[in-house]
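Participant: only geometry, no sequence info:
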């Protein structure tokens, strides 16, 4: 484990730091999107289609319009113009459901909005929405869970850009597979999953002439500004988006959904603030989900365990009008060494709302398939699954032919095996026992992309000795407020309690989206440059101010350290607090701005930049009562330098909990009778809770990756979910003898267990 000599022990970087915004949250002072109230605010409730395919033949709003407190029932004929938006450059104009609400009368999924009730109170709006009656011409719909790829060209449109369906190819994988001594050919299925953050989606919209302000729980406020400006024909500078706190999003709040322009249009029509908050049931229908996938894995290997062929062909569901691509092959092409490889995708249109990114999009379901296949092939070869991965460790990214910026997967495997006690594993099915329970042990690898988005920030040094750091990014519960405070404290030497962090407003310097686990890595260089520029202004002022102790010095002679300025040759003993220098110069503050370029999606990278990790899992199995529990997890993550180990460990623990839900509980089921999500509530949609979660032992290997930023920090929000489901199903097989290839693991799958029999 390397030491980090350049970061002193007193530094806030690498220190376990409680959330600086914690007191606001636990006291109820933190304001989420629905907490902003304004005089005259009206409340809106959408009316949802009760068919999955067809057309609205007639909409009867007469009864609803006569109800007390109702201001309007909006629909296609009276909502006013809402334009389509288009994809722009960078992270602008991104939308999964591109069709504006009410653009036509065609119904393409159950729960699609067909009208909007607006009233003086939420209760009145809800009653009015319930009173709207729609008559439909029904068409045949398709929510079939069996996914067969539609006939599409080799280049297809996606949410972000046109993409080749053959994502990666080298050698001759089919011929190598045919001649391989040991083969595996299996299909792995992941279900539709729904995000279900605690905070419901919603919008509060206010117009002031041609100026629009919205309060929204967005993971990408500048993209939202861009989309709304297009939809309402406004200059971007006329749209302000405010997102102070987000009650989690998991990707569902990355891109705008149709309820947002509805609230904006209603506020425009009525000239008053309008608040629209979705119900939990609506969250299952019109604000995204992780799509169902079917993935065929074909692996060929030599008898001594060297991979010779890997073919990954997968299909994901997507919506009738939209082009979402779940990139299950994101990690496949580089994760293991194999000379012959092909990764190809297809899509199957269904009458469901548009899928969207969900924590670890693409790589999470993809690694479930690839890591499960690796475990199965290791069993066929009678090679320990850890050793099998070591045998196939790549020296470079073989998909691009370039080196990794930093890859310490083997160190993760070594440490994970040691902490878990993997050497004590008996590979025989059902052979390990403890306290009358059958134990199952499994493991899997993990990977996640590392990159930067463009980012900007500002730093102020103020005459009261405090520092303000600001960026128009957002904290979605991951700790961005705290990280920026740590970065500013690192550069200025000011204690954390004297650093003010301002986020979540498009009037601030343009910050990155909170997606892809890239916000922190993107902000490091921007905040550091802003702090350097503020310090430069301070030093310049100190040498020009009459009566300053540094009046006759040059800025290059001075050093700023620990919140004090001193002459380099004299040392810090005679340092002067920066607040004294500002007051002497009659300056309230000095400001520095910083900006960093993005690396995400670069066309010709010099290095392959990713984070890596592994999971070791123990399950207990009671065949007498058919009871399965995850009883122990060890996770090791290689994600560069960890800026805040406390928040970092929390991120990985949360991801592992989500992985337990993915493996054993979570799935959204669509009713074949009407196309509606059946389990569209938190009673029937099962997620892992405290009682399902065992001790989680999280470790980080600290290898800074300076290709990402000068601290060497990569993102850690999503990698903890990658691979965990495959480790759990491997442990289930070890305990029960049942090989589960479709998630979640169901008890009826295990009732066929030879151990139970």
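Facilitator: Received it, and whenever you're ready, just let me know what you need. Nothing here was measured: the structure is a model prediction, and the numbers come from that model.

Participant: just checking, residue 498 touches residue 466?
Facilitator: Yes - the pair residue 498 / residue 466 is scored as a contact, 4.7 Å apart, by Cβ atoms under 8 Å. Backbone N, C-alpha and C define where each C-beta goes, glycine included.

Participant: between the two, what contacts are shared?
Facilitator: The overlap between the contact sets of residue 498 and residue 466 (Cβ atoms under 8 Å, 6 or more residues apart in numbering) is empty.

Participant: who's in contact with residue 528?
Facilitator: 487, 491, 594, 710.

Participant: so how many other residues sit close to the third one?
Facilitator: Right, the one you point to is residue 594. 23 (other Cβ atoms under 10 Å).

Participant: Pairing-wise in the sheet, spell out the partners of it.
Facilitator: According to DSSP bridges, the partner residues bridging residue 594 are residue 457.

Participant: so what's it up against?
Facilitator: Residue 594 sits in contact with 456-459, 525-533, where contact means Cβ under 8 Å, 6+ apart.

Participant: ok, now how distant is it from residue 489?
Facilitator: Per Cβ to Cβ, to the nearest Å, residue 594 is found 16 Å from residue 489.

Participant: cool, and the last one?
Facilitator: Spatial separation of residue 710 from residue 489 under the definition Cβ to Cβ is 16 Å.

Participant: neighbour count winner among those two?
Facilitator: residue 489 (24 against 11).

Participant: Secondary structure element holding the more buried one?
Facilitator: If you go by DSSP states H and E, residue 489 is part of helix 480-492.

Participant: pLDDT of that helix, averaged?
Facilitator: For helix 480-492, mean pLDDT rounds to 98.

Participant: next SSE after that helix?
Facilitator: Assigned by DSSP H and E, the successor of helix 480-492 is strand 499-502.

Participant: Next, the buried residues of the helix or strand just after that next one.
Facilitator: Sequence-wise, the next helix or strand downstream of strand 499-502 (DSSP H and E) is helix 519-544. Buried positions in helix 519-544, judged by neighbour count with 16 or more other Cβ atoms under 10 Å: 519-531, 533-535, 537-539, 541-543.

Participant: again with stretch 187-206
Facilitator: 188-197, 199-206.

Participant: Which of the contacts of residue 594 sits closest to residue 51?
Facilitator: The nearest member of the contacts of residue 594 to residue 51, counting by Cβ to Cβ, is residue 456 at 46.3 Å.

Participant: That closest one: what's it in contact with?
Facilitator: Here residue 456 is in contact with 471-472, 509-511, 526, 593-596 (criterion: Cβ under 8 Å, 6+ apart).

Participant: what's the nearest residue to it if we skip its chain neighbours?
Facilitator: Closest residue in space to residue 456, ignoring its immediate chain neighbours: residue 509 at 3.7 Å, by Cβ to Cβ, 6 or more residues apart in numbering.

Participant: pretty sure that neighbour contacts residue 457?
Facilitator: Yes - using Cβ under 8 Å, residue 509 is in contact with residue 457, at 5.5 Å.

Participant: where do the contact lists of those two overlap?
Facilitator: Common contacts of residue 509 and residue 457, defined by Cβ under 8 Å, 6+ apart, comprise 470-471, 526, 593, 595.

Participant: and these, which are buried?
Facilitator: 470-471, 526.

Participant: Take the shared contacts of residue 509 and residue 457 and lay them out in JSON lines including pLDDT and distance to residue 215.
Facilitator: As requested, the shared contacts of residue 509 and residue 457 are exported to JSON lines (pLDDT from 0 to 100; distance: Cβ to Cβ, whole Å):
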{"residue": "470", "pLDDT": "98", "distance to residue 215": "18"}
{"residue": "471", "pLDDT": "98", "distance to residue 215": "19"}
{"residue": "526", "pLDDT": "98", "distance to residue 215": "25"}
{"residue": "593", "pLDDT": "98", "distance to residue 215": "26"}
{"residue": "595", "pLDDT": "97", "distance to residue 215": "27"}
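
Participant: Could you identify the pair within those residues that is furthest apart?
Facilitator: 470 and 595 (13.2 Å).

Participant: Give me the common contacts of the two.
Facilitator: 457, 509.

Participant: burial of residue 168, as a residue count?
Facilitator: 17.

Participant: now it, which residues is it bridged with?
Facilitator: Applying DSSP bridges to residue 168 gives these bridge partners: residue 343.

Participant: go on, residue 54?
Facilitator: Under the criterion used (DSSP bridges), residue 54 bridges to residue 107, residue 138.

Participant: my guess is it meets residue 105, correct?
Facilitator: No - the criterion here is Cβ under 8 Å, and residue 54 misses it with residue 105 at 9.3 Å.

Participant: Pick out the residue closest to the middle of the protein.
Facilitator: residue 359 (4.1 Å; Cα atoms, centre = their mean).

Participant: Contacts only, for it.
Facilitator: Taking Cβ under 8 Å, 6+ apart, one finds 195, 250-251, 655, 658, 717-718, 721 in contact with residue 359.

Participant: how about 7 Å then?
Facilitator: Under the criterion of Cβ atoms under 7 Å, 6 or more residues apart in numbering, the neighbours of residue 359 are 250-251, 658, 718, 721.

Participant: Next, work out how far apart it and residue 289 are.
Facilitator: From residue 359 over to residue 289 the distance is 12 Å, taken as Cβ to Cβ.

Participant: Can you pull out the low-pLDDT segments for the chain?
Facilitator: 1-9, 753-757 (pLDDT under 70).

Participant: again, only this time at 50
Facilitator: Flagging of the chain using pLDDT under 50 yields the residue ranges 1-5, 754-757.

Participant: excluding its backbone neighbours, what's nearest residue 547?
Facilitator: Closest to residue 547 by Cβ to Cβ, 6+ apart is residue 584, at 6.3 Å.

Participant: could you pull out the helices for the stretch 101-250 of the chain?
Facilitator: 122-131, 173-179, 221-231 (DSSP state H, counting those that start in this stretch).

Participant: so what does the last one touch, helix or strand wise?
Facilitator: Just to be clear, that refers to helix 221-231. Other helices and strands packing on helix 221-231, by 3 or more Cβ pairs under 7 Å, 6 or more residues apart in numbering; DSSP states H and E, are strand 239-242, helix 259-270.

Participant: same thing but 10 Å
Facilitator: Where contact means 3 or more Cβ pairs under 10 Å, 6 or more residues apart in numbering; DSSP states H and E, helix 221-231 is packed against strand 202-208, strand 211-216, strand 239-242, helix 259-270.

Participant: tell me the angle that helix makes with helix 259-270.
Facilitator: Angle between the axes of helix 221-231 and helix 259-270 is 50 degrees (criterion: axes from the mean of the first three to the mean of the last three Cα atoms, to 10 degrees).

Participant: Tell me the one of the contacts of residue 594 nearest residue 442?
Facilitator: residue 525 (39.3 Å).

Participant: what about the residue lying closest to that closest one once chain neighbours are set aside, distance to residue 459?
Facilitator: Spatial nearest neighbour of residue 525, excluding adjacent residues (Cβ to Cβ, 6+ apart): residue 596 at 3.8 Å. As judged by Cβ to Cβ, residue 596 and residue 459 stand 14 Å apart.

Participant: between the helix holding residue 489 and helix 519-544, what angle do the directions make?
Facilitator: Going by the same axes, to 10 degrees, helix 480-492 makes 40 degrees with helix 519-544.

Participant: quick check, distance from helix 480-492 to the centre of its chain.
Facilitator: Distance of helix 480-492 from the chain centroid (Cα atoms, centre = their mean, to the nearest Å) equals 22 Å.

Participant: just stretch 638-658 next, same as before
Facilitator: That offset, for stretch 638-658, works out to 14 Å (Cα atoms, centre = their mean).

Participant: same check, this time on stretch 315-323
Facilitator: Mean C-alpha position of stretch 315-323 versus that of the full chain (Cα atoms, centre = their mean) differs by 20 Å.

Participant: swap in stretch 657-676?
Facilitator: That offset, for stretch 657-676, works out to 19 Å (Cα atoms, centre = their mean).

Participant: That'll do, ta.
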